[in-house]
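Task: produce atomic coordinates for the following.
(4 chains)
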Number of protein chains: 2
Amino acid sequence: MTESAGTIDVLVVDDDFMVARVHRTFVERVEPFRVVGTAHTGEQAIEAVDALRPDLVLLDLYLPDLFGLDVIPRLRTAGHDCDVMVITAAREADAVRGAVRQGVVDYLLKPFDYEDLQPRLERYATQRGRLLTTVVRGQADVDRVLAGAFAPPAGSGLPKGMSVETARLVERALRGTDGTLSAAEAATATGISRVSARRYLEYFHATGNAEVSLRYGTTGRPERRYSWRS
Amino acid sequence: MTESAGTIDVLVVDDDFMVARVHRTFVERVEPFRVVGTAHTGEQAIEAVDALRPDLVLLDLYLPDLFGLDVIPRLRTAGHDCDVMVITAAREADAVRGAVRQGVVDYLLKPFDYEDLQPRLERYATQRGRLLTTVVRGQADVDRVLAGAFAPPAGSGLPKGMSVETARLVERALRGTDGTLSAAEAATATGISRVSARRYLEYFHATGNAEVSLRYGTTGRPERRYSWRS
DNA sequence: GAACGCGGCGACCACAATGAACTCAATCTC
DNA sequence: GAGATTGAGTTCATTGTGGTCGCCGCGTTC
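Residues are numbered from 1 along each chain as shown, chains lettered A, B, ... in the order given. The predicted structure is shown next:
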């Protein structure tokens, strides 16, 4: 929802007016984030989420009226599916555990610099972009979402050093054969080198599109045989 | 490793009576888990958590009265800090994303075997034990908690000379048999050589995942027989 | 048109599994 | 009880594949 065409709307929650202001300027220096509002109490935060529908809430835990973590279930009950990033001085292990249990996307300790916040926002942005295009075919895809790891191709999400054309070529070769293919066989089948074939096959394995099994019996190192997964 | 404390109380939630029964037996086969109750609807689940105070809830998403994910904020609002592991046939990307946003500890797709559930429960148990003894001194500790939430692929730190695939193969063979296996039997069962089989079995023994007993009586050197340990 | 970035390739090194040869600790034979 | 027997544990050179490094051609940019 809220497909604000790329931008990520942020609500800043901190009881200290000056601190909230600093957070705001920090966030707005990072693309494609945009601060749509500020709140200074838990109740204000809930109202603000209701009104502004942000994608992400930067949440302090020490608020005058509520403990920050108690704000989150209130949001969920109200049907909001925004993400939450905790920014707080709270170092209690219980607070961190509770935050993880509530599914916060990150937990940043005060005091912090712009250099601390910026990479975390960027990590969130890329991770968010991946999730929005994820297709769940099996357990491997689910595990990838949980681990926050790579996403399936789904277009141009290929890592550097790989091209869509070659990927399609290898994919077709792998689909074409009954049974399994080794890296060398895939190479001769596609006409590309063994090294490249192996790189793409291993990529398919990492993304969960291919399954790999080892064949023993011959002397020498065992052979990795790949098969496409539906 | 890490038998930090007592048992972990589990509530099983599934609308299908038979399925809930199966989950129950699966869970009780894993130390130190104990099933303290079963629920078949969302409302039942909430009442059961209220009454039984479990540490972990195995939650199906397709429930007759509520969507499973809507159960979680109800629990949080009621002040329960139990963990949730989703076990469902729901493959919608929205369901997975929503589950992550709610902070579930794992998400397992049906149908599944005991061999699928068991390592996930064990991972949860060790992670839980680790969290309970964590002291937060700085950002690095917080990051470790966040990363460790899902990170370890359950056995990635193998020594040189061994491969994860072969390790998994031997592990499955060892788990599969009732009773015990010798190195030679494991070799024929897996299709690898006796030497390799023994190397992995001995590794499992060294890491505490397998128990070893000697069998005498036959002429010749006594035989080391391995059995898997939970 | 020179400099740069990117993807594929050949060559080389590392590695995991193998099987033969060897060692070892039990039982068997006398 | 000493030595032969036996079958499992242990070592090691061999081997063919996995994996990496740097080069090269090609398209793109300034």
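
So which residues of chain A form strands?
Shown for chain A, the strands assigned by DSSP state E span residues A:8-13, A:33-39, A:56-59, A:83-88, A:106-109, A:181-182, A:210-215, A:223-228.

most centrally placed residue in chain A?
Centroid check for chain A by C-alpha atoms, centre = their mean gives A:Gln127 as the closest residue, at 2.5 Å.

what sits against A:Ala45?
A:Ala45 sits next to A:Leu11, A:Val13, A:Ala39, A:Val57, A:Leu59, A:Leu63, A:Val71 when contact means C-beta atoms under 8 Å, 6 or more residues apart in numbering or on different chains. C-beta here means a position set from N, CA and C on the backbone, and glycine is covered the same way.

May I have the beta-bridge partners of the fourth one?
In other words, A:Val57. Following DSSP bridges, A:Val57 is listed with bridge partners A:Leu11, A:Val84.

for the third one, same thing?
When assigned by DSSP bridges, A:Ala39 has beta-bridge partners A:Val13.

and the gap between it and A:Leu52?
To A:Leu52, A:Ala39 is 10 Å away according to C-beta to C-beta, to the nearest Å.

For the closest residue to A:Glu47 other than its chain neighbours, grab the count of nearby residues.
Using C-beta to C-beta, 6 or more residues apart in numbering or on different chains and skipping the chain neighbours, the partner closest in space to A:Glu47 is A:Ala39 (7.7 Å). Using other C-beta atoms under 10 Å in any protein chain shown, A:Ala39 has 24 other residues around it.

In chain A, where is pLDDT below threshold?
In the predicted model, chain A carries pLDDT under 70 at residues A:1-5, A:139-140, A:147-158, A:230.

buried sites along the biggest helix by length in it?
Secondary structure of chain A read by DSSP state H shows that its longest helix is helix A:114-132. Neighbour-count burial for helix A:114-132, counted by 16 or more other C-beta atoms under 10 Å in any protein chain shown, picks out A:Leu117, A:Arg120, A:Leu121, A:Tyr124, A:Ala125, A:Gln127, A:Arg130, A:Leu131.

Out of those residues, which comes closest to A:Glu92?
In terms of C-beta to C-beta, no member of the buried residues of helix A:114-132 lies closer to A:Glu92 than A:Arg120, at 20.6 Å.

Not counting its neighbours along the chain, what's nearest that closest one?
In space, A:Arg120 comes closest to A:Asp106 once its chain neighbours are excluded; the distance is 5.2 Å by C-beta to C-beta, 6+ apart.

Then A:Arg24?
Nearest non-adjacent residue to A:Arg24, counting by C-beta to C-beta, 6+ apart: A:Val35, 4.8 Å away.

what residues are up against the one you found?
So A:Val35 contacts A:Asp9, A:Val10, A:Leu11, A:Val12, A:Arg24, A:Val27, A:Glu28 (C-beta under 8 Å, 6+ apart).

Could I have the buried ones of those residues as ChimeraX selection syntax?
Remark: buried members of these, expressed as a ChimeraX selection using 16+ other C-beta under 10 Å:
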select /A:9,10,11,12,24,27
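
Throw the contacts of A:Val35 into JSON lines and include distance to B:Ala189, thanks.
Formatted as JSON lines, the contacts of A:Val35 follow (distance: C-beta to C-beta, whole Å):
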{"residue": "A:Asp9", "distance to B:Ala189": "57"}
{"residue": "A:Val10", "distance to B:Ala189": "56"}
{"residue": "A:Leu11", "distance to B:Ala189": "58"}
{"residue": "A:Val12", "distance to B:Ala189": "60"}
{"residue": "A:Arg24", "distance to B:Ala189": "63"}
{"residue": "A:Val27", "distance to B:Ala189": "58"}
{"residue": "A:Glu28", "distance to B:Ala189": "62"}
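
For chain B, what's the nearest residue on chain A?
With C-beta to the nearest C-beta, the shortest gap between chain A and chain B falls at A:Gly103, namely 3.0 Å.

Check the burial of A:Leu146 by counting its neighbours.
Other residues near A:Leu146 number 18, with proximity taken as other C-beta under 10 Å.

Hmm, B:Tyr107 and it touching each other?
Yes - under the criterion of C-beta atoms under 8 Å, A:Leu146 makes contact with B:Tyr107 at 6.1 Å.

any residues in contact with both of these two?
Here A:Leu146 and B:Tyr107 share the contacting residues B:Val100, scored by C-beta under 8 Å, 6+ apart.

ok, of the contacts of A:Ala45, which come out buried?
Of the contacts of A:Ala45, these count as buried by 16+ other C-beta under 10 Å: A:Leu11, A:Val13, A:Ala39, A:Val57, A:Leu59, A:Leu63, A:Val71.

sorry, back to before: tell me, what's touching A:Ala39 and A:Leu52 both at once?
In terms of C-beta under 8 Å, 6+ apart, A:Ala39 and A:Leu52 are both contacted by the residues A:Leu11.

quick one: A:Glu28 from DNA strand D, how far?
Applying C-beta to the nearest atom of the strand, to the nearest Å, the value for A:Glu28 to DNA strand D is 27 Å.

go on, A:Thr166?
Computed as C-beta to the nearest atom of the strand, the A:Thr166 to DNA strand D distance reads 13 Å.

Same question for A:Arg224.
4 Å.

Could you find the closest non-adjacent residue to that residue?
Per C-beta to C-beta, 6+ apart, closest to A:Arg224 is A:Val212, 5.4 Å.

Quick one: residues contacting that neighbour.
A:His205, A:Arg224, A:Arg225, A:Tyr226, A:Ser227, B:Glu165.

Any of the residues you listed buried? List them.
A:His205, A:Arg224, A:Arg225, A:Tyr226, A:Ser227.

residues contacting A:Arg29?
Counting by C-beta under 8 Å, 6+ apart, A:Arg29 touches A:Tyr114, A:Gln118.
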